[in-house]
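Q: Give the three-dimensional model of this entry:
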Amino acid sequence: MSSALSEAVIAGADGAALASLAVPDAFPAAVVREADQHMFRDVADKDVRKSLLVDQVPMPELAPDEALIAVMASAINYNTVWTAMFEPLPTFQFLKQMAKAGGWQARHDLPYHIVGSDASGVIVRTGSSVRNWKVGDHIVVSPAYVDEQDPDTHRDGMLGEGQKAWGFETNFGGLAHYAVVRASQLMPKPAALTWEEAAANPLCASTAYRMLVSERGARMKQGDIVLIWGATGGLGSYAVQLVLNGGGIPVGVVNSQAKADVLTSLGCKAVINRETLQDGDPTLLERPDGWKKMGKKIRALVGEDPHIVFEHVGRKTFAASVFLARRGGTVITCGSSTGYEHVYDNRYLWMRLKRIIGSHGANLHEQCEANRLFARGHLVPALSKTYTLDDVGAAARSVQTNQHIGKVGVLCLAPRPGLGVSDPQARERIGEQRLTAFRE
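A: Below you'll find the model as predicted:
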């Protein structure tokens with residue numbers, strides 16, 4: 001049942017009106033249950049539609065440094081798939097570890113986990129120590145949940161021991177009608193974007209920004225050739241845009257002609273279709289003969305080996321990535337969707353003076369820099385399809401089985417797609433065709 005506060009948010013009520021309405025006692029949320037964490041033991045197909053459920057959950061209490069967000073839209077990231085598969089370990093272990101710190105952290109240890117690491121929405125309450133943000137503000141959420149009292153956090157928000165991925169290593173995530181976030185996670189929503197377009201961007205776009213542009217990443221420069229695995233996926237689609245914006249030369253790897261056509265529409269001129277390259281041999285790129293075939297194809301397209309390899313696929317591509325980077329080149333990695341245990345020939349690393357850089361998420365400054373690019377139209381959303389919260393299992397399944405392009409959005413409180421644009425003139429300047437480039 002919808003609450004008066006939810007209805008007011010949907011109707012576009014101002015901050016004073018929202019502040020006058022009671023916060024509901026419970027709300028719908030996408031959850032996995034602790035009691036189900038062994039349901040996929042000895043099961044080959046860990047179908048997340050069976051474990052990711054929508055349920056009514058109690059409203060959590062708000063800490064002084066937090067804000068309560070009425071979530072208009074969210075998105076699926078691979079960490080939600082991992083959570084719903086209970087791999088590589090059940091996330092309830094993260095929540096129990098978090099609770100050991102006591103205080104407000106203890107709230108997170110519950111027999112259910114509200115998931116989701118992306119969100120756009122409206123602030124409906126703020127804690128007593130929140131500055132610079134007020135009820136009624138339209139925001140997007142940075143998924144980096146950091147400990148401001150950790151000295152290493154002040155060197156780089158991602159280095160602090162207490163750094164966590166919101167909605168993955170914390171509870172009260174974004175795939176719900178309401179979410180709890182720290183004030184240090186708040187960013188202004190780009191006014192030209194709809195709720196679902198804005199929600200699709202923060203985690204993946206900022207991760208790609210840190211990997212390629214930030215001084216903590218590969219430090220891409222003009223003219224660099226960048227090999228991008230999964231170039232129309234959640235991460236790769238933003239990486240292609242960042243490389244093009246920075247004067248680099250993206251070489252996008254995809255697995256279908258339809259995805260190759262999307263890359264071409266973005267301006268990526270060098271595209272490799274794995275299906276064509278592998279010619280029916282799915283393990284080709286896991287062997288030296290396949291690496292050499294790939295290298296030959298890259299040189300035929302752009303004339304050189306890659307300066308940077310944008311790596312997030314993991315076990316099935318990592319050995320190829322180390323081989324394909326040029327002498328003195330860089331492999332930058334932020335994940336392993338096909339498996340964490342990588343085997344590669346170390347001779348290609350040490351004898352050819354290559355580097356492997358680990359990258360994780362993005363700090364708030366990097367997040368805001370990426371968000372600014374969306375506000376100015378220099379980056380466009382990679383949103384391809386939108387589901388309702390009731391269909392969140394199907395949304396996650398499409399990502400689990402790699403049937404998607406770009407990002408998959410989820411409407412939470414937003415009653416339909418296309419809402420939330422507060423600057424139609426800015427949207428017109430950016431162009432509807434660019435903003436919907438990934439749309440099915």
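Q: What's the local residue count around the closest residue to Gly230 other than its chain neighbours?
A: In this structure, Gly230 finds its nearest non-sequential neighbour in Gly236, 4.4 Å apart by Cβ to Cβ, 6 or more residues apart in numbering. C-beta coordinates here come from the backbone N, C-alpha and C atoms, glycine included. Around Gly236 there are 26 other residues, counting by other Cβ atoms under 10 Å.
Q: One more: Asn346?
A: 9.
Q: Give me the phi and psi for it.
A: Phi and psi for Asn346, reported as degrees, to the nearest 10, are phi -70, psi -20.
Q: again with the one 10 residues further on
A: With angles defined as degrees, to the nearest 10, Ile356 shows backbone torsions of phi -120, psi 130.
Q: Quickly find the element holding the residue lying closest to Gly173 once chain neighbours are set aside.
A: Among residues not flanking Gly173 along the chain, Gly167 sits closest, at 2.4 Å (Cβ to Cβ, 6+ apart). Assigned by DSSP states H and E, Gly167 belongs to neither a helix nor a strand.
Q: neighbours around Gly167, how many?
A: Neighbour count for Gly167, taken as other Cβ under 10 Å: 32.
Q: now swap in the one 10 residues further on and tell me
A: Around His177 there are 25 other residues, counting by other Cβ under 10 Å.
Q: what's the answer for the one 3 residues further on, then?
A: The local packing count at Val180 equals 26, with neighbours defined by other Cβ under 10 Å.
Q: Could you look up the SS state of it?
A: Following DSSP: H, G, I helix; E, B strand; the rest coil, we place Val180 in the strand state.
Q: Contacts only, for it.
A: Neighbouring residues of Val180 by Cβ atoms under 8 Å, 6 or more residues apart in numbering: 60, 62-63, 66-69, 172.
Q: Out of those, which end up buried?
A: Buried members of those, scored by 16 or more other Cβ atoms under 10 Å, are 60, 62-63, 66-69, 172.
Q: my guess is Thr83 contacts His113, does it?
A: Yes - with contact defined as Cβ atoms under 8 Å, Thr83 reaches His113; the gap is 6.6 Å.
Q: joint contacts of these two?
A: 32, 91.
Q: out of the buried ones among the contacts of Val180, who's nearest Asp261?
A: Ile69 (36.3 Å; Cβ to Cβ).
Q: In helices, which of the contacts of Val180 fall?
A: Using DSSP state H, no member of those falls in helices.
Q: Taking these, tell me the two that lie furthest apart.
A: Farthest apart among the contacts of Val180 by Cβ to Cβ are Ala63 and Ile69. That separation is 13.8 Å.
Q: What segments of the stretch 251-400 of the chain are strands?
A: Ranges of strands in the stretch 251-400 of the chain, per DSSP state E, counting those that start in this stretch, are 270-273, 308-311, 330-333, 355-358, 383-388.
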